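1. Have a look at this prediction, sequence included:
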Amino acid sequence: MTTLQNYGWNELFQTHWDEQQHLFKSNDCKIGRVTLEHKHMYRVITEQGEWLAVCSGSLLHHAIDRRDYPAVGDWVAIERMPGEERGIIHAILPRSSVFSRKTAGVTMTEQLIAVNVDIVFLVTSMNDDFNIPRLERYLVAAYDSGAVPVIVLTKADLCDSPEDFIDQARNIAFGTEVLAVSSKTGRGIDQISSLLHDGKTAALLGSSGVGKSSLVNAICGDSTMTVQTIREDDAKGRHTTTHRELIPLPDGGVLIDTPGMREFQLWNDSESVEGGFSDIEALSESCKFNDCSHKSEPGCAIQQALEDGELAEDRFASYVKLQREIAYLDRKTNAQSQIAERKRWKAITKSQRK
């Protein structure tokens, strides 16, 4: 029998439901969780079964940006259509966490990767595809999401010196757990499984071919996901997962597997970058001037650390690059927010007139 607790339901969401349930009594709504997102439809699991669902007209009418629509991992108020295995989503319960990125390409919009996640497994393989700047980006986004990040280094069975990769990851992930695993030999799988208790929700994030699908199979103990090999010429992976999907685990808890991402642009604020580069932020507090730009000012602690070799030049370059990227995003999104707010009030005024 399906229970909500098997899919991550907890006291926080129960409180949200109790506070809002009176709004949906007339529609005889049930609680459900989005397990799969199609183009304009959703798979929603409830205690009465899994239904194919669409958004209500009211929800669509009041939606302005991407966060106003359901995403995989969302808890929703859903009404079942009489005599059918289909439903209508009337509302989205408040989210406990949101992991997102800027949509790939030139479009200035947000893409939701996973919501209501307790743990974010940042998955990367220990081969030529290992990329510190990309991992730094994932960490910044994870800190901003509200979930706990854990770095997972895969393909330990194919690596001659896994400790080198572990050390590199730990050098940029202060206080973040780093696990080396092998889906083939089982190394580290128990450590991951031990984190997924009491109905925890975890998301797997990483590039194509890093072993996310193999990791899901190792955790679940079966062939839940199709697996493909990497290309031998450049160690790049092939796309296996093509959509976000919520997968229940045998011992409780759920995993959200996501498609591999070659491009990952942040959708955050500057505070998120500061959290991901706490070592640089700590150094900046020792600068002689509070408004130090860390370029040529006297008494700059960061420039001194670079000269002494205490701070790696490529890490500082990543920090500066991300700060510039966030500043650009802020300028663009602030303008878009003003436009969206005007549209929202226009819609409210129209509704009131009717």
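-> Now that the structure is in, tell me what you want to look at. Numbers count the residues shown, from 1 in each chain.
2. how far away is the closest residue to residue 287 other than its chain neighbours from residue 293?
-> In space, and not counting its chain neighbours, residue 287 is closest to residue 301: 4.9 Å by C-beta to C-beta, 6 or more residues apart in numbering. Just so you know, the C-beta spots here come from the backbone N, C-alpha and C atoms, and that holds for glycine as well. Distance, residue 301 to residue 293, by C-beta to C-beta, to the nearest Å: 13 Å.
3. So which of the two has more stuff around it?
-> residue 301 (19 against 10; other C-beta atoms under 10 Å).
4. Ramachandran coordinates for that one?
-> The phi and psi values for residue 301, taken as degrees, to the nearest 10, are phi -70, psi -30.
5. Verify the contact between it and residue 286 for me.
-> Yes. Proximity of residue 301 to residue 286 meets the contact threshold set by C-beta atoms under 8 Å, at 3.8 Å.
6. OK, contacts around the residue nearest to residue 287?
-> Residues in contact with residue 301 (C-beta atoms under 8 Å, 6 or more residues apart in numbering) are 283, 284, 285, 286, 287.
7. mind checking how far the third one is from residue 277?
-> Put plainly, it is residue 285. 13 Å.
8. Pull up the gap between residue 146 and residue 12, please.
-> 12 Å.
9. mind listing the strands for the protein?
-> Counting by DSSP state E, the chain has strands at residues 30-37, 42-46, 49-55, 75-80, 86-92, 98-102, 110-115, 119-125, 148-154, 177-180, 201-206, 245-248, 254-257.
10. Which one of those lies nearest to residue 63?
-> Nearest of the strands of the chain to residue 63, taken as C-beta to C-beta: strand 49-55 at 7.8 Å.
11. The closest one packs against which elements?
-> strand 30-37, strand 42-46, strand 75-80, strand 86-92 (3 or more C-beta pairs under 8 Å, 6 or more residues apart in numbering; DSSP states H and E).
12. The shortest one - contacts with which helices or strands?
-> In other words, strand 42-46. Counting by 3+ C-beta pairs under 8 Å, 6+ apart, strand 42-46 packs on strand 30-37, strand 49-55, strand 75-80, strand 86-92.
13. Export those to CSV and append columns for distance to residue 254.
-> Listed next are those as CSV, based on distance: least, C-beta to C-beta, whole Å:
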stretch, distance to residue 254
strand 30-37, 8
strand 49-55, 14
strand 75-80, 12
strand 86-92, 18
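14. Quick one: those as CSV, columns for mean pLDDT and distance to residue 220 too.
-> Conversion of the helices and strands packed on strand 42-46 to CSV gives the following (pLDDT from 0 to 100; distance: least, C-beta to C-beta, whole Å):
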stretch, mean pLDDT, distance to residue 220
strand 30-37, 93, 15
strand 49-55, 95, 18
strand 75-80, 95, 23
strand 86-92, 95, 27
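15. Any chance of CSV for those strands, columns distance to residue 322 and mean neighbour count?
-> Shown next, in CSV, are the helices and strands packed on strand 42-46 (distance: least, C-beta to C-beta, whole Å; neighbours: other C-beta atoms under 10 Å):
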stretch, distance to residue 322, mean neighbour count
strand 30-37, 28, 22
strand 49-55, 34, 18
strand 75-80, 32, 24
strand 86-92, 30, 21
